[in-house]
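K.L.:
Model the structure of this input:
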Amino acid sequence: MHARLWVADDVRLGSSSGGSSPAASPSGPSDSDGGSTSTDEHCPDDPRESRRHFSRFRPTSPSSCSPLCGDDYKHLQRMALLLPAFSSTAAARAGALRQWIAGFDVGWVLDMGRGSGTDHGLPRREVGRRIRAWAQALGAMDRVFRGRHLEVRSPASDAAAAELAGESVGVMLRLTGTVATLASSPSKLLAALDAYAAVSEACPALARTFSWAPSHPVPAAADAALADLLDASRRCVRDLRGFIRAPQYPWRMPQGGEEHPSVGFWMGYLRCMLRNRVPLYFVLAGGDQDEGGLVMELIACLEAALEDKSAALAFPGLRQLFMLNNTSAIVRCAARADAIGMLLSPGWAGAREERMEGYIRDYLRVSWAPVVSRLGGKPGAMNALRRRHPLSAFHSAFQNASSMQRGWKVPSPVLRGDLRMAVSETVVPAYRRYLDSHPEVDVPAGRGAEELRRHLSELFEG
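P.N.:
Residues are numbered from 1 along each chain as shown. As a prediction, the model looks like this:
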């Protein structure tokens, strides 16, 4: 039988300042994540939303746009108004810096790491939005400072702009320290990789713009932040296997054998992780794995966790159907995501194909072979165990199996059709052979071979 199967801790990012924090999602949880290391601020609570949610995560390239595009002109005009304050008093400088940062809708970073009591936990979705807003703001600052550098300037304004840039980066880097000190979690890795990508692109560009030497406080602080983010990311990578094998999310085990929510969640998580391939490369540098090895190991951990969960399914054949559905889902997710598919070994998909064919054989053996075996008795003789005619015993077993399995679910139309065909080819020919061998047997109305085939065509609808 050949089946045609191949064609998302302690959150402390600050919550107040100048009206710049994004509003909490109406669909997200209202509570913070407290001290749990199992939460994922970047990922939706409902794994069915993972594709829509993850699609909003795009690789942030702070320096990828041309200088002064879109709203950058407005920021440049604000800068011109604020620069004189940097030749004034310390209070004026602080006020100007606050206005500058708040103008990018990330004013909340000003209150981070100050012991002000505002670094309290936030809902998961809120953290994801803040990381994105922060990365976009850092990229916009880079563009605006570089755009201003192309215009006619005075030495005094150049010095003020350099001061503003240096203090802006110092404030923005507070977030990286907060991310690095979060408890290890899947979401922390995504946040650390996003932050690394933003800092590694924007800060070197600003250093070139203002001719900052490596010993200058800003490049030195950026290097230290990058090192902390790499260390934090490495700890999270080491912990990912445990998070997959012992997930803390309150997902219920599907009772119809369909795909487990963890498959969509973790395959979506891998896509998110791989959007920052350069930071991930540095995270893994010097280790015994590359990105491909890590991805395949994490998928293997997911498969092992699913095998463990399948033991809870007691009905004959349901365990095999569950593993078939979930293995097929993993293969489909990998095929649809180029970032994942390109990292898998050449034989990876073939091994899953063989595994799925094995699940189908085992499913037929434990679920339908006992039904067909009822036809092994002799007409006119009583079944010693059930004291029933073989044909009557067959129809009773067939009705029980087909009625139950109509409630089981195979979401993939291709897989569902192949599985129905496999069941039909197991049951119907054996039934026909029995009837041909015993023409004297009266077949009840509605129980001919074609009627059986029609009943089997209704399986796995859920």
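K.L.:
what sits up against the helix or strand containing Gly350?
P.N.:
Assigned by DSSP states H and E, Gly350 falls within helix 348-367. Here helix 348-367 makes contact (C-beta atoms under 8 Å, 6 or more residues apart in numbering) with 1-3, 5-6, 296, 316-317, 320-321, 323-324, 327-328, 330-331, 334-335, 401, 405, 418-419, 422-423, 426. For the C-beta atoms, the positions are set from N, CA and C on the backbone; glycine is no exception.
K.L.:
Narrow these to those in helices?
P.N.:
296, 320-321, 323-324, 327-328, 330-331, 334-335, 401, 405, 418-419, 422-423, 426 (DSSP state H).
K.L.:
Now the buried members of the contacts of helix 348-367.
P.N.:
3, 5, 296, 316-317, 320-321, 323-324, 327-328, 330-331, 334, 401, 405, 418-419, 422-423, 426 (16 or more other C-beta atoms under 10 Å).
K.L.:
what's the most centrally placed residue in the chain sitting at in phi/psi?
P.N.:
The centre of the chain sits closest to Tyr269, judged by C-alpha atoms, centre = their mean, with a distance of 2.1 Å. Phi and psi for Tyr269, reported as degrees, to the nearest 10, are phi -60, psi -40.
K.L.:
just use 138 as the starting number from now, easier for me
P.N.:
Understood, numbering begins at 138; the last thing we discussed is Tyr406.
K.L.:
For stretch 527-544, what is the distance to the chain centroid?
P.N.:
40 Å (C-alpha atoms, centre = their mean, to the nearest Å).
K.L.:
Average pLDDT for it, rounded please.
P.N.:
Taken as a whole, stretch 527-544 has an average pLDDT of 92.
K.L.:
Name the next helix or strand following the helix or strand of the chain with the lowest mean pLDDT along the chain.
P.N.:
Using mean pLDDT, DSSP states H and E, helix 187-191 stands out as the lowest-scoring helix or strand of the chain, at a mean of 36. Sequence-wise, the next helix or strand downstream of helix 187-191 (DSSP H and E) is helix 209-219.
K.L.:
Buried residues of the helix or strand that comes right after that next one, list them for me.
P.N.:
Next in sequence after helix 209-219, counting helices and strands by DSSP H and E, comes helix 227-239. Residues Arg230, Ala233, Leu234, Arg235, Trp237, Ile238, Ala239 are the ones in helix 227-239 that count as buried (16+ other C-beta under 10 Å).
K.L.:
What's the first helix or strand after the helix or strand hosting Cys340?
P.N.:
Using DSSP H and E, the element containing Cys340 is helix 323-347. Going down the chain from helix 323-347, the next helix or strand is helix 354-382, by DSSP H and E.
K.L.:
Mind giving me the packing neighbours of that following helix?
P.N.:
Applying 3 or more C-beta pairs under 8 Å, 6 or more residues apart in numbering; DSSP states H and E, one finds that helix 354-382 contacts helix 292-309, helix 311-317, helix 323-347, helix 414-421, helix 428-447.
K.L.:
Distance from it to the middle of the chain?
P.N.:
Worked out by C-alpha atoms, centre = their mean, helix 354-382 lies 19 Å from the chain centre.
K.L.:
Let's test this: mean pLDDT of it, rounded?
P.N.:
Computed over helix 354-382, the average pLDDT equals 95.
K.L.:
Also stretch 492-512?
P.N.:
For stretch 492-512, the per-residue pLDDT averages 96.
K.L.:
who's in contact with Ser539?
P.N.:
Contacts of Ser539 (C-beta under 8 Å, 6+ apart): His592, Leu593, Glu595, Leu596.
K.L.:
Distance check, the residue nearest to the second one when sequence neighbours are not counted against Asp279.
P.N.:
Here the nearest residue to Leu593 in space, its sequence neighbours aside, is Ser561; by C-beta to C-beta, 6 or more residues apart in numbering that works out to 4.8 Å. Ser561 sits at a distance of 63 Å from Asp279 (criterion: C-beta to C-beta, to the nearest Å).
K.L.:
Among these two, which residue is more densely surrounded?
P.N.:
More crowded of Ser561 and Asp279, by other C-beta atoms under 10 Å: Asp279, with 25 against 19.
K.L.:
how about the more buried one, secondary structure?
P.N.:
With DSSP: H, G, I helix; E, B strand; the rest coil as the basis, the three-state label of Asp279 is helix.
K.L.:
Please name the nearest non-neighbouring residue to it.
P.N.:
Asp279's closest residue in space is Ala339 (C-beta to C-beta, 6+ apart), at 4.2 Å.
K.L.:
Hmm, the one you found is touching Leu275, no?
P.N.:
Yes: contact criterion C-beta atoms under 8 Å: Ala339 and Leu275 qualify, at 4.8 Å.
K.L.:
what separates Ala471 from Arg285, distance-wise?
P.N.:
In terms of C-beta to C-beta, Ala471 sits 46 Å off from Arg285.
K.L.:
Also Glu577?
P.N.:
Applying C-beta to C-beta to Glu577 and Arg285 gives a distance of 98 Å.
K.L.:
Pull out the buried positions in stretch 527-543.
P.N.:
Pro527, Leu528, Ala530, Phe531, His532, Ala534, Phe535, Ala538, Ser539, Gln542.
K.L.:
Then stretch 496-514?
P.N.:
For stretch 496-514, by 16+ other C-beta under 10 Å, it's Tyr496, Ile497, Asp499, Tyr500, Leu501, Ser504, Trp505, Val508, Val509, Arg511, Leu512, Gly514.
K.L.:
Equivalent analysis for stretch 314-331, please.
P.N.:
314-317, 319-331.
K.L.:
And stretch 586-599, by the same measure?
P.N.:
Buried-residue list, stretch 586-599, by 16+ other C-beta under 10 Å: Ala586, Leu589, Arg590, His592, Leu593, Leu596, Phe597.
K.L.:
How about stretch 568-587?
P.N.:
Buried, per 16+ other C-beta under 10 Å, within stretch 568-587: Tyr568, Tyr571, Leu572, Arg584, Ala586.
K.L.:
can you list the domain ranges for the chain.
P.N.:
184-379, 392-405+431-502, 510-593 (automatic domain parsing).
K.L.:
For the shortest one, measure first residue to last.
P.N.:
The first and last residues of domain 510-593 sit 17 Å apart, counting by C-alpha to C-alpha, to the nearest Å.
K.L.:
which of the buried residues of helix 227-239 lies closest to Asp209?
P.N.:
Among the buried residues of helix 227-239, Trp237 lies closest to Asp209 (C-beta to C-beta), at 13.6 Å.
K.L.:
where in the stretch 288-437 of the chain is pLDDT low?
P.N.:
Residue ranges of the stretch 288-437 of the chain with pLDDT under 70: 288-290, 384-387.
K.L.:
Please repeat the previous calculation with a cut-off of 80.
P.N.:
288-291, 383-387, 423-425 (pLDDT under 80).
K.L.:
on that earlier part again, list the helices and strands the helix holding Cys340 packs on?
P.N.:
For helix 323-347, the packing partners by 3+ C-beta pairs under 8 Å, 6+ apart come out as helix 261-286, helix 292-309, helix 311-317, helix 354-382, helix 398-411, helix 414-421.
K.L.:
Please write out the alpha-carbon positions of the third one in PDB.
P.N.:
If I follow you right, that is helix 311-317. As requested, the backbone C-alpha atoms of helix 311-317 are provided in PDB (Å, rounded to 0.1, in the frame of the first residue of the first chain):
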ATOM      1  CA  ARG A 311      18.100  48.300  27.600                       C
ATOM      2  CA  LEU A 312      15.600  45.900  26.000                       C
ATOM      3  CA  THR A 313      18.400  43.500  25.000                       C
ATOM      4  CA  GLY A 314      19.400  43.200  28.600                       C
ATOM      5  CA  THR A 315      15.900  42.500  29.700                       C
ATOM      6  CA  VAL A 316      15.500  39.800  27.000                       C
ATOM      7  CA  ALA A 317      18.800  38.200  27.900                       C
END
